[in-house]
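Peer 1: Kindly return the folded structure for what I paste below:
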Amino acid sequence: APPSTGEAGGPGDVERVEAKGHVTISEGDRIVTGDNAVYEQDAQKITMTGNAVMREGANIIRGDKILVFLDENRGVVEGTQSGRVKATIYPGDQKEKKR
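Peer 2: Model prediction:
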């Protein structure tokens, strides 16, 4: 299947991209990995599913699904099948001390 769907009127007009396999997306110091990803141009959103992990610096969050809202600089993590989100978070001042 082609990596993008929707109508493309020319270069840079991709509306939606789907990636399958070991997917890695990085933005600044944020790295999101998973088995599948869907990028939606209009919503400026990435949906990562299947062994989804978001890392930002030393912080790590794992869940079944991770939504990254690019224009809002935020992410939402949904729990695994057991209903849990696993997170390791370091407060800002501790992270600064490690640098």
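Peer 1: hang on, isn't Val85 packed against Ile60?
Peer 2: No. Val85 lies out of contact with Ile60 (CB atoms under 8 Å); the separation is 11.1 Å. To be clear about C-beta, it is placed using only N, CA and C from the backbone, and glycine gets the same treatment.
Peer 1: Tell me the spacing between Gly75 and Asp13.
Peer 2: Note on Gly75: its distance to Asp13, by CB to CB, to the nearest Å, is 26 Å.
Peer 1: Name the residue in the two with the higher neighbour count.
Peer 2: Taking other CB atoms under 10 Å, Gly75 and Asp13 do not tie; Gly75 has more neighbours (19 against 11).
Peer 1: What sits closest to that one if chain neighbours are left out?
Peer 2: Nearest in space to Gly75, with sequence neighbours left out and distances taken as CB to CB, 6 or more residues apart in numbering, is Val68 at 4.8 Å.
Peer 1: Quick check on the one you found: phi, psi?
Peer 2: phi -120, psi 120 (degrees, to the nearest 10).
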